[in-house]
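Chemist: show me the folded form of this:
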Amino acid sequence: MADAADSGPVLHKVPPPQALDPMLTPMHVVLERVDSRLLSPERDVRIWPTGFPLLDDALGGGLRAGALNLLAGSQGEGKTTFALQIARQCAKDERPVLFFSFELDAESLLQKVIAAEAAEIGKAESPISVYQVRAAFEGTDECDGGLPERLGRYAGGLDALEIVSGYASRLLIHRSTTTNTNLEVIASAVKDVLSEFGEPPLVVVDYLQKVRSHQNMDEEAAITQVTERLKDIAIEFECPMLAISASDREGLEPGHRMRARNMKGSTALAYEADVVLILANKADIVARHHLMYSTNNADQFKNYSVLTIEKNRSGRTGAEIEFKKDFLCGRFVAQGKVVSEKLVDERVYTE
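Modeler: Numbers count the residues shown, from 1 in each chain. Below you'll find the predicted structure:
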């Protein structure tokens, strides 16, 4: 008979104290929970890959359960597109997604999703665009029939519709408003999705500054309250929270490179967040000498966004990754690359 020592280390099962506050977690309970998860054939539910390989590598695999992730950047730089692309990837990975949209309705977001899928199929040089998908949705494309017939006229349209139909039930859009969508509404919706799907969703808030606070208060106090509660919701439901943040006036000034301190409203944003991501137009933040000797460089750089990881509690901080914009098809090209040019914090703005 083999010695007990030959069987390797054993986790001792300890019955939990009956009178312990439920908010307290003994470390032996954590050991047992982690061991059970590792031995389970189920996937690791604590990490949600984003679909951007270099970003996932920098974040240690993706977005984490219980973490508040902030995505900021200048207006028009593609924050909603970037967040929607992550949401689409999670839904394709058979995970539920709850997207609180203060900016766009469900049809507009779905149009971006279909165009992006068509582009990624890669069957044609000119796949169906967001504008063509929109015309099909609105019936202004001078065509007869339903959605399959209308989208089928364009490269990748029908294939994209089939792909999206496969995961559309897991991508839930909440049409949010500044008057009615408060923290209780968000928490209740997360709870409902968790109950429906049996696992926590990726929660996207587009965007944080529009979430209604509990009561009338000044902007900084309201944003502090919203930020802290969104973090609590992520922890309570063990889901990743991805919230888009607006920039303050200084962060929007030409020639200024936005930083975490430029997120609008409160220092609590950067303090509470586990991950802070900043999107910037590459042409606006590249060192001036890259622009002085080649006008082609300036034009080329405008087609790229640089994603800077300003804060990261679970991996590397300071990574700078560039992604090519493909906004005509509602996406970024997911295969980015590490920025090779020198970037600066601020520089003199040049057209």
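Chemist: tell me how many other residues surround residue 36.
Modeler: Residue 36: 10 surrounding residues under other Cβ atoms under 10 Å. C-beta here means a position set from N, CA and C on the backbone, and glycine is covered the same way.
Chemist: helix or strand for it, just tell me which one.
Modeler: helix 27-39 (DSSP states H and E).
Chemist: export that helix to PDB, keeping only CA atoms.
Modeler: What follows is helix 27-39, C-alpha atoms only, in PDB (Å, rounded to 0.1, in the frame of the first residue of the first chain):
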ATOM      1  CA  MET A  27      -8.900  31.300   3.400                       C
ATOM      2  CA  HIS A  28      -9.500  27.500   3.600                       C
ATOM      3  CA  VAL A  29     -12.800  28.100   1.800                       C
ATOM      4  CA  VAL A  30     -10.900  30.000  -0.900                       C
ATOM      5  CA  LEU A  31      -8.500  27.100  -1.300                       C
ATOM      6  CA  GLU A  32     -11.300  24.600  -1.700                       C
ATOM      7  CA  ARG A  33     -13.200  26.800  -4.100                       C
ATOM      8  CA  VAL A  34     -10.100  27.300  -6.400                       C
ATOM      9  CA  ASP A  35      -9.200  23.600  -6.200                       C
ATOM     10  CA  SER A  36     -12.700  22.600  -7.200                       C
ATOM     11  CA  ARG A  37     -12.700  25.100 -10.100                       C
ATOM     12  CA  LEU A  38      -9.300  23.800 -11.400                       C
ATOM     13  CA  LEU A  39     -10.500  20.200 -11.300                       C
END
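Chemist: how far away from the center of its chain is it?
Modeler: In terms of Cα atoms, centre = their mean, to the nearest Å, the gap separating the centre of helix 27-39 from the centre of its chain is 28 Å.
Chemist: quick one: average pLDDT of that helix?
Modeler: Regarding helix 27-39, the rounded mean pLDDT is 75.
Chemist: centroid residue for the chain?
Modeler: The centre of the chain sits closest to residue 83, judged by Cα atoms, centre = their mean, with a distance of 3.7 Å.
Chemist: what sits against it?
Modeler: The contact partners of residue 83, taken as Cβ atoms under 8 Å, 6 or more residues apart in numbering, are 71, 99, 204, 206, 242, 244.
Chemist: would a markdown table of these with neighbour count, secondary structure and distance to residue 229 be doable?
Modeler: Conversion of the contacts of residue 83 to a markdown table gives the following (neighbours: other Cβ atoms under 10 Å; DSSP: H, G, I helix; E, B strand; the rest coil; distance: Cβ to Cβ, whole Å):
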| residue | neighbour count | secondary structure | distance to residue 229 |
| --- | --- | --- | --- |
| 71 | 26 | strand | 18 |
| 99 | 26 | strand | 18 |
| 204 | 26 | strand | 16 |
| 206 | 22 | strand | 17 |
| 242 | 29 | strand | 15 |
| 244 | 25 | strand | 16 |
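Chemist: the residue nearest to residue 90 when sequence neighbours are not counted pairs with what?
Modeler: Residue nearest to residue 90 in three dimensions, not counting chain neighbours: residue 202, with 4.6 Å by Cβ to Cβ, 6 or more residues apart in numbering. Beta bridges link residue 202 to residue 97, judged by DSSP bridges.
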